[in-house]
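Visitor: Structure for this input, please:
(one chain, ligands or ions: 1)
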Amino acid sequence: MKNSLSFHLANVNVSRQGRALLDIAQLQLPAAGLTVILGHNGSGKSTLLKLLSGQMAPDRGEVLLQGKSVTHYIPRELAKRVAYMPQQIPQPALLLVRELVELGRFAWRGWLARWQSDDQSWVSRALQQAGVAHLAGHAVDEISGGERQRVWLAMLLAQNAPLLLLDEPSSALDLAHQYQLMQLLRQQADLPDCGVIAVLHDLNLALQYADRIVALQRGRIWFDGSPSQLLAHPELAALYGIELEVLHRAGKPAVVAVV
Ligand SMILES: Nc1ncnc2c1ncn2[C@@H]1O[C@H](COP(=O)(O)OP(=O)(O)OP(=O)(O)O)[C@@H](O)[C@H]1O
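Guide: Residues are numbered from 1 along each chain as shown. Below you'll find the predicted structure:
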């Protein structure tokens, strides 16, 4: 399954009450490297990820994965290609953490098939990778918000899809876990024919780890390029409407808000 995957968006529009939430003429997103989606609140980032994950169909235009409309895939075939973490993570009751992570294997084994040892080793490895093996026997609705975010990531890793779509995967994580997450995403993105597309609010994490940054403004693509190109953008401050200053420390740029 790990052949080259690519999203292609053409003339995509999503509108509600006569207002365009997303309006994208062309966008190509191959399963390669780490792409970060940035943008102000309400700029359309989650809407874009919902389109890519097949959770939503555009009102106009096409969202194609390997040349086929994302919404035309049967769920299991889509899940073998794309794993999605929504912004609001569900909190299922009566499930243990390990059982939730096991659900990530659904696409490969089906509901009723017997467990293969391979499935269990994927689950164990995913729990380790996400740093939540110690929570395996805990109830999903009795762990913290940051733990739940990492458990959900473990489920996605167990799914073994070449493309990870993550909507603000670090929003509940402490500083140390944010960096652990970014290093893990970096490793995933560096695997052959794999890619990660993540919505982030932290401009500095994006600049440090991304290969490519797509920035949205009021539903349109405002910028698409490398972190260094974004840093050099003369209108960078306009992205968030706040004055910014770029500092350099140990050879790395850091953007701070001037307030
Ligand atoms: N079902 C809906 N009906 C009407 N408007 C909606 C609906 N869902 C989202 N919107 C609006 O669409 C716009 C884009 O929403 P979206 O969730 O994609 O933004 P976002 O960039 O992810 O924002 P945030 O950073 O706050 O999570 C927002 O202005 C939001 O209020």
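Visitor: Only the buried residues of stretch 64-78, if you could.
Guide: Using 16 or more other CB atoms under 10 Å as the test for burial, stretch 64-78 gives 65, 70, 73, 78. To be clear about C-beta, it is placed using only N, CA and C from the backbone, and glycine gets the same treatment.
Visitor: Quick check, pLDDT for the residue in the stretch 51-200 of the chain that the ligand sits nearest to.
Guide: Proximity of the stretch 51-200 of the chain to the ligand (CB to the nearest ligand atom) peaks at Gln87, 5.8 Å away. Looking at Gln87, its pLDDT is 95.
Visitor: my guess is it meets His201, correct?
Guide: No. Using CB atoms under 8 Å, Gln87 is not in contact with His201; the gap is 10.9 Å.
Visitor: State the number of residues packed around the nearest residue to His138 once chain neighbours are set aside.
Guide: Once flanking residues are discounted, His138 sits nearest to Val97: 5.2 Å by CB to CB, 6 or more residues apart in numbering. Val97 is flanked by 25 other residues according to other CB atoms under 10 Å.
Visitor: Also the one 5 residues further on?
Guide: Other residues within reach of Glu102 by the criterion other CB under 10 Å amount to 20.
Visitor: sorry, back to before: take the buried residues of stretch 64-78 and keep only those in helices.
Guide: Here DSSP state H is the test, and the buried residues of stretch 64-78 give Leu78 as lying in helices.
Visitor: Turn the buried residues of stretch 64-78 into CSV, including pLDDT and distance to the ligand.
Guide: Formatted as CSV, the buried residues of stretch 64-78 follow (pLDDT from 0 to 100; distance: CB to the nearest ligand atom, whole Å):
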residue, pLDDT, distance to the ligand
Leu65, 96, 20
Val70, 96, 17
Tyr73, 96, 22
Leu78, 95, 20
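Visitor: Please list the members of the buried residues of stretch 64-78 that lie in strands.
Guide: When DSSP state E defines the strands, the subset of those inside them is Leu65.
Visitor: which one among the buried residues of stretch 64-78 gets closest to Ser46?
Guide: Of all these, Ser46 sits closest to Val70, with 15.6 Å by CB to CB.
Visitor: I figured that closest one was touching Lys50, is that so?
Guide: No. Counting by CB under 8 Å, Val70 does not reach Lys50; the two are 10.1 Å apart.
Visitor: residues in contact with stretch 37-57?
Guide: 7, 9, 12, 14, 21-22, 24, 29, 58, 63, 65, 70-71, 73, 78, 82, 84, 86-87, 165, 167, 197-201, 203, 206, 213-220, 222, 239-241 (CB atoms under 8 Å, 6 or more residues apart in numbering).
Visitor: which residues are common contacts for Gln87 and His201?
Guide: What both Gln87 and His201 touch, as defined by CB under 8 Å, 6+ apart, is the set 168, 171.
Visitor: The closest residue to Ala79 other than its chain neighbours: neighbour count?
Guide: Leaving aside its chain neighbours, Ala79 sits nearest to Ala107 (3.7 Å; criterion: CB to CB, 6+ apart). Neighbouring residues of Ala107 were enumerated by other CB under 10 Å; the total is 19.
Visitor: follow-up on the earlier one: before we move on, what's the pLDDT of the residue nearest to His138?
Guide: Residue-level pLDDT assigned to Val97 equals 97.
Visitor: before we move on, what about Leu164?
Guide: pLDDT at Leu164 comes out at 97.
Visitor: Am I right that it sits in a strand?
Guide: Yes. The assignment for Leu164 is a strand, going by DSSP: H, G, I helix; E, B strand; the rest coil.
Visitor: and it, how many neighbours?
Guide: Around Leu164 there are 24 residues (other CB under 10 Å).
Visitor: No more questions from me, cheers.
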